Each structure stands twice: as C-alpha cells, then as structure tokens.
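**Student:** Sharing a sequence plus its predicted fold:
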Amino acid sequence: MSDDDIAVVLDATALTAYTRGQVAVGELMAEVADEGSQIAVPAACLSAAYAAGRGELDTAMLALLMASAAVRVVPLGPAAARQAGVLARSVDGDIAVGHAAVVALTHGAHYATTSPKAAATVLPAEWSILDLA
C-alpha cells in the first residue's frame, strides 16, 4: 500500500480511547481495512498515548494496534515538525494535535478524535473530523 491509501488519521485522544475500550475506534479500523485503505498514526500521537497510559494493559493494547497491517505509523520528520509546531501554537502547544493535523492535511484524510474542538482549531473549516466520543 502507498501513502495515498491513508484514509483516516487517529490522534492521541483516539488512541487513548482505544486503550480504554472505546469500540468506535475498532469499528473505524475494521471499516477502513475492509476498504483496503490504511489508518495513519502520527508518531507524536503514539508517544502521547503511551504517556497517557495507565499501565501494561494500555501498552499492550497500543502494541496490538501498531501490529495491524492496516496501521501505518507516520514519523515526524523535519518539515512536518515545523508545520506541526506552527499548528500546535493554536492548541496550547499540543504537538500531537499539530502532527495529526499535518498528516491529515498531507493525505487528505479524515481526522479521528475524541476532542473535535481541538481538531477544528487547527484544520480548515470544512475538514472531515470524526468524533469518536
């Protein structure tokens, strides 16, 4: 699969919700995989989800998620780091939100979150934000 196959970006709040049993995340993953597309997990979001973890079970859940063939971890390279930093200024410096927005914009992908207000702050007005709350 290529980068053009990315249909959805999971932000840190979506990843954390997944570790806490939010079924909407798993359902979204199954739907995207059934379409032959991929889910992007920005590296900054993955790090934030690990930081928000409550222990070994959350760590294991994230590891299981990352093992899925439908999931692609997107690194934070120099150009994306700059863009993420600029976007993060409007959400109290939340680099994870900035990185997720950069990935969504780069790939024309839906932005999946449990915090749609933060996403709406950094994305264009008509962007597809999937509220998983």
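**Tutor:** That came through fine. Model, not experiment: these values are computed from the prediction.

**Student:** Give me the spatial nearest neighbour of Ala49, chain neighbours excluded.
**Tutor:** Leu15 (3.6 Å; CB to CB, 6 or more residues apart in numbering). Where you see a C-beta, it was placed from the backbone N, CA and C, and this is true even at glycine.

**Student:** In a strand, the one you found, correct?
**Tutor:** No - under DSSP: H, G, I helix; E, B strand; the rest coil, Leu15 sits outside any strand and is assigned helix.

**Student:** In three-state terms, how would Leu105 be classified?
**Tutor:** helix.

**Student:** what about the residue lying closest to it once chain neighbours are set aside, distance to Ala70?
**Tutor:** Using CB to CB, 6+ apart and skipping residues adjacent in sequence, the residue nearest Leu105 is Leu123, 7.3 Å away. The gap separating Leu123 from Ala70 is 23 Å, by CB to CB, to the nearest Å.

**Student:** Could you tell me which ranges of this structure sit under the pLDDT cut-off?
**Tutor:** The chain contains residues with pLDDT under 70 at 1-4.
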